[in-house]
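J.: build me a model:
(one chain, ligands or ions: 1)
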Amino acid sequence: MANLSRRTLLLGGAGILGTVTLLNKPHDQSGPRAPYFLSMQNALIEAGIATPTLVIDRKRLNHNINTLVGHLPKGMGYRIVTKSLPSLDLIQHIRARSGSDRLMTFNQPMLSILSTAMPQASQLLGKPLPIAAVKNYFKILPTEFSGSADRVQWLIDTPRRLQQYTDLAKALGRTFAINLELDVGLHRGGFEPGAELNSVLNAINSSSALRFAGYMGYEPHLPVLPSVLGWRDRAKADAWRRYRDALDQAALVFDAKAMAGITRNAAGSPTYRYYKDTSLANEVSAGSCLVKPTHFDTDLLEPHEPASFIATPVIKSLATTHIPGLEFADGVKRIWNSNSSKTVFIYGGHWLADPVDPPGLSYNATFGRSSNQEMLNGGPELEVAVDDFVFFRPQQSEAVFLQFGDIAIYDDGKITDYWPVFPASA
Ligand SMILES: Cc1ncc(COP(=O)(O)O)c(C=O)c1O
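T.: Predicted coordinates for the structure are as follows:
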């Protein structure tokens, strides 16, 4: 009971039922700044950075790449999830360090950019693209990069989409490599083992415009299931049984040589460590765990380190907190919650991110969020001056990384490089 921060009393009387919530008084969470962030702040100031900036710590990124590669069982391929690492330089760095030439791509603009920037890479679509997007891709693909389209695996989730892709492949005089999306329990679409999958496999086999490239079965629902009563283990066994059944079905349509060459893609950051051998999947895809936003703070990803931060200058640092129109209540609020004693207004804000340094900073729900100058509150120990930096951890990388222009690369106490990101339209 001591840990409960909230207790509810049920009051009854005179026909009136009401609830009263007693909140425990929060402790002051402010404290000295972490030397890690003070060094990063010095590097940013030295580099003349004075706008909200996405920073990647190269050492930590490298540690995360090594960790991922080190966990891969013998023979397991690694596919780089590009949407979670949306910068050509970042992807190039990971390709070089991990030795992987496989990408998972999620939209047409990124597919087009990667087809010319990394023409030798294999690209597996992570979601099925509308046929109009595929037509646009071929319309703008420069002739000299035509070969890179042969290394694309098109993800197909329905018989109708397969028919659309077949028609386009014929019209273009090309052979499309088809990867089938499996529903292994996520229920985000795709095929389940059964009659429909069988007819699609046969349609691929009988068309000279198509080639069976493999399966993709993504299962991020597993680690969020409760482990009590064996729920998670049962769901995992069920996902793998569905995948196995789909493979057995394909083996009845395609010969052993074709089956030996297919892509058996699975996983994402939260689940890549589930795969201890290549008996089911022969490659895992992951991206976010290399930069580790806060949504990836899970037990399985414990060996990965947070490697990406938003740094933004403090515009105003105030010794007290005042809420407009509610000044009469400010004193009581401060006494009740010492973490709301001091205020900073930062340059920008309203990102999908959590403040991490100085310690104890939080958003003010009453004042509200702001993209222009966001208010953050801290306790009496908070020490942060105007022109100092406040640091956040992004909650996710894919959209957040696109909001700050070039990524600043932090290495050994210095900002050493700037890596452009993909256009936000991608
Ligand atoms: C099909 C698929 N595979 C893998 C991933 C894993 O990406 P990440 O490792 O960044 O979570 C995703 C993420 O959305 C996905 O949609």
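
J.: which residue does the stretch 1-150 of the chain have closest to the ligand?
T.: As assessed by Cβ to the nearest ligand atom, the ligand sits closest to Ser84 within the stretch 1-150 of the chain, at 3.2 Å. The C-beta positions use only the backbone N, C-alpha and C, and glycine is treated the same way.

J.: what sits against that residue?
T.: Contacts for Ser84 (Cβ atoms under 8 Å, 6 or more residues apart in numbering) come out as Ser269, Gly287, Ser288, Leu290, Val291, Gln396, Ser397, Glu398.

J.: for the closest residue to the ligand within the stretch 251-400 of the chain, which non-adjacent residue is closest in space?
T.: Closest approach between the stretch 251-400 of the chain and the ligand, counting by Cβ to the nearest ligand atom: Gly268, at 2.8 Å. With Cβ to Cβ, 6 or more residues apart in numbering as the criterion, Gly268 has its nearest non-adjacent residue at 5.2 Å, and that residue is Pro220.

J.: name the SS class of the one you found, please.
T.: coil (DSSP: H, G, I helix; E, B strand; the rest coil).

J.: residues contacting it?
T.: For Pro220, the contact set (Cβ under 8 Å, 6+ apart) comprises Leu186, Gly268, Pro270, Thr271.

J.: just send these back as TSV, with distance to Leu44, neighbour count and secondary structure too.
T.: Output for those, formatted as TSV (distance: Cβ to Cβ, whole Å; neighbours: other Cβ atoms under 10 Å; DSSP: H, G, I helix; E, B strand; the rest coil):
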residue	distance to Leu44	neighbour count	secondary structure
Leu186	40	16	coil
Gly268	32	21	coil
Pro270	31	22	coil
Thr271	35	22	coil
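
J.: show me the two of those that sit farthest apart.
T.: Longest distance between any two of the contacts of Pro220 is 12.0 Å, between Leu186 and Pro270; criterion Cβ to Cβ.

J.: ok, so what distance separates the residue of the stretch 1-150 of the chain closest to the ligand from Asp417?
T.: Separation of Ser84 from Asp417 (Cβ to Cβ, to the nearest Å) stands at 20 Å.

J.: hmm, who's touching stretch 396-406?
T.: Against stretch 396-406 from outside (Cβ under 8 Å, 6+ apart): 51-54, 83-87, 287-288, 291, 293, 295, 308, 310, 351-353, 394, 407, 418-424, 426.

J.: cool, and stretch 63-80?
T.: 91, 94-95, 97-100, 102-104, 124, 265, 272-273, 275-278, 281-287, 289-292, 303-305, 307.

J.: among those residues, name the ones in helices.
T.: Ile91, Ile94, Arg95, Arg97, Ser98 (DSSP state H).

J.: please name the residues that touch Trp154.
T.: Here Trp154 is in contact with Leu125, Pro128, Leu129, Val134, Tyr165, Phe176, Ala177, Ile178, Asn179 (Cβ under 8 Å, 6+ apart).

J.: buried subset of those residues as a PyMOL selection?
T.: The buried subset of the contacts of Trp154, as determined by 16 or more other Cβ atoms under 10 Å, is captured in PyMOL by this line:
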select buried, resi 125+128+129+134+165+176+177+178+179
